[in-house]
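Peer 1: Below is the structure, and that's it, no one-letter string:
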């Protein structure tokens, strides 16, 4: 594996999924992400970013939830899959993320340039 996109794809595959509570957006605040992940997201204007930040939410949160759910960053995918980042609605996958993968995700985040979504 030699590029960020391959690393992100591999890590995404290892994150367990679960069904969110319909209408809940408690974990959809402003987050940072790598440039590789940001490149997959639609470009938003500075005004859209400012408005989302003023509401303490994500610029990609729409009236019906996450508008980029399939491409959401690793940090968003991690919410609710580890006891260190619990879902505020007590939702979780059947099996939580394994410690090694969680550590790899945090290592990736800590060692890549992060930008505010």
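Peer 2: Sure thing, it's come through. Quantities reported herein were computed from a predicted structural model and do not represent experimental measurements.

Peer 1: Show me where this protein dips below the pLDDT cut-off.
Peer 2: Counting by pLDDT under 70, the chain contains low-confidence ranges at 1-2.

Peer 1: what ranges do the helices span in it?
Peer 2: 4-14, 35-38, 46-54, 74-78, 99-110 (DSSP state H).

Peer 1: Now for the nearest residue to residue 97 once chain neighbours are set aside, how many residues are close by?
Peer 2: Spatial nearest neighbour of residue 97, excluding adjacent residues (Cβ to Cβ, 6 or more residues apart in numbering): residue 81 at 4.3 Å. C-beta: built from backbone N, CA, C; applies to glycine. Other residues near residue 81 come to 24 when the count uses other Cβ atoms under 10 Å.

Peer 1: how much space between residue 81 and residue 116?
Peer 2: Applying Cβ to Cβ, to the nearest Å, the value for residue 81 to residue 116 is 22 Å.

Peer 1: swap in residue 46?
Peer 2: For residue 46 relative to residue 116 (Cβ to Cβ), the value is 11 Å.

Peer 1: Pick out the residue closest to the middle of the protein.
Peer 2: residue 76 (1.9 Å; Cα atoms, centre = their mean).

Peer 1: looking at it, that one is touching residue 29, isn't it?
Peer 2: No: Residue 76 lies out of contact with residue 29 (Cβ atoms under 8 Å); the separation is 9.9 Å.
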